[in-house]
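Undergrad: Predicted coordinates and the sequence they were generated for:
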Amino acid sequence: MNRENKRKIYKKDYYKTHACKESFTCKSCGHEVVPTGAGSNHRNHCPNCLCSQHLDIEPGDRAAGCGGLMEPIAVWVRKNGEWAIIHRCRICGALSSNRIAADDNPLKLMSLAMKPIALPPFPVERLEEMTRLMGGDGEIKRK
């Protein structure tokens, strides 16, 4: 069964009480994604490239008409220490957060986590000047 067709079969919140047992082919990398190995009952992204598909507005509702590719743009750590992936739809720009799965590609996860350090959103050589402009003294203490 295609993931897109779940909307026609399952009622709202069905996913909360029933495990997802369908396999799917990743729309980004072509990897065959199976439900086993995720460490949870719900597989919602590819463990190889971490991409997903924009199917839901609320988790499990299959109400998004977009169907665009959800690319991983960042990771964040929840209060309980669990990592989650932030996805952005390439078509409509919608953002969503999905917990990582046990079999997710660790190199891809670390690459996402290190992205702000490898490609900072500001020129690092102007850090002292920017700190001063924000009200700090701007001095980096060197030993």
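TA: Thanks, I have the structure now. Since this is a predicted model, take the numbers as computed values, not measurements. Residues are numbered from 1 along each chain as shown.

Undergrad: wait, is K115 part of a strand?
TA: No: counting by DSSP: H, G, I helix; E, B strand; the rest coil, K115 falls outside a strand, being helix.

Undergrad: For the spatially most central residue of the chain, what is the enclosing helix or strand?
TA: For the chain, the residue nearest the mean C-alpha position is I85 (2.8 Å; C-alpha atoms, centre = their mean). I85 is part of strand 83-89 when elements are defined by DSSP states H and E.

Undergrad: circling back to that earlier point, let me see the confidence value for the residue nearest to the centre of the chain.
TA: For I85, the model assigns a pLDDT of 95.

Undergrad: so what's it bridging to?
TA: Beta-bridge pairing for I85 (DSSP bridges): V75, N98.

Undergrad: for it, what are its contacts?
TA: Applying C-beta atoms under 8 Å, 6 or more residues apart in numbering, we find I85 in contact with H45, L50, P72, A74, V75, S97, N98, R99, I100, D104, L109, L112. Where you see a C-beta, it was placed from the backbone N, CA and C, and this is true even at glycine.

Undergrad: I'd like the distance between it and P106.
TA: Distance of I85 to P106, given as C-beta to C-beta, to the nearest Å: 13 Å.

Undergrad: How about R62?
TA: Where P106 is concerned, R62 sits at a distance of 30 Å (C-beta to C-beta).

Undergrad: Same drill for these two, tell me which one is more crowded.
TA: R62 (20 against 9; other C-beta atoms under 10 Å).

Undergrad: Would you confirm that that one contacts N44?
TA: No: using C-beta atoms under 8 Å, R62 makes no contact with N44, being 11.6 Å away.

Undergrad: Please identify which helix or strand holds M110.
TA: Taking DSSP H and E as the definition, M110 sits inside helix 106-118.
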